[in-house]
Each structure stands twice: as structure tokens, then as C-alpha cells.
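Starting from these lines, generate the structure:
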Amino acid sequence: MNLFEFFEGPKEGYQDVEDDNSQLQLHDLRKTKLTLKQINKLRQLNDVRMYEYQETVKQVKKQYAPPAQPAL
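Sure thing, here's the model as predicted:
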């Protein structure tokens, strides 16, 4: 979690409350099995995170790039 997420709140589409059945009960002894739908959703979320990370890296490189030298 990033610091700005505390102030802005979660982004839309990051958590689907209807599909969130991760809370275990006392009698649950086995690991849950992932369905193909869940695996595909995880892959798509990972792709989005990688894209956002690459965009952040581009912004940081642009921000901290050395200034252009004026032509003499």
C-alpha cells in the first residue's frame, strides 16, 4: 500500500467485494482452490500493475533527468 492511497481511497475496480470470499472459518482446514476466472483476473490485475509501474518509472525519469544543455 502506498501513502497516497490513505488519502485518495482505493481505486475503482481494484477489489470486488462480491467475489471476496477470503475470510476463513474455524472449520476450514484445506486451502481454497483458484478457479480459472480468478486466475485470469489475477493475471489482468498484474498486467495493470506492471503498466502503472512503468508509467511511474517514466514520470520519475522525466522528473529527475538532467536539464538540457543550451546550444552555444
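
What mean pLDDT does the longest helix anywhere in the chain get?
Longest helix in the chain by number of residues (criterion: DSSP state H): helix 36-63. In this model, helix 36-63 has a mean pLDDT of 94.

Show me what counts as buried in it.
Under the neighbour-count criterion of 16 or more other Cβ atoms under 10 Å, helix 36-63 has nothing buried. The C-beta positions use only the backbone N, C-alpha and C, and glycine is treated the same way.

Tell me how far that helix lies from the chain's centre.
6 Å (Cα atoms, centre = their mean, to the nearest Å).

how about the nearest residue to residue 14, chain neighbours excluded?
In space, and not counting its chain neighbours, residue 14 is closest to residue 45: 7.7 Å by Cβ to Cβ, 6 or more residues apart in numbering.

Can you tell me how far that neighbour is from residue 38?
To residue 38, residue 45 is 10 Å away according to Cβ to Cβ, to the nearest Å.

same thing with residue 50?
19 Å.

Same check on residue 62?
36 Å.

what do you get for residue 24?
In terms of Cβ to Cβ, residue 24 sits 16 Å off from residue 38.

what does residue 65 give?
41 Å.

same check, this time on residue 55
In terms of Cβ to Cβ, residue 55 sits 26 Å off from residue 38.

next one: residue 26
24 Å.

That concludes my questions; thank you for your assistance.
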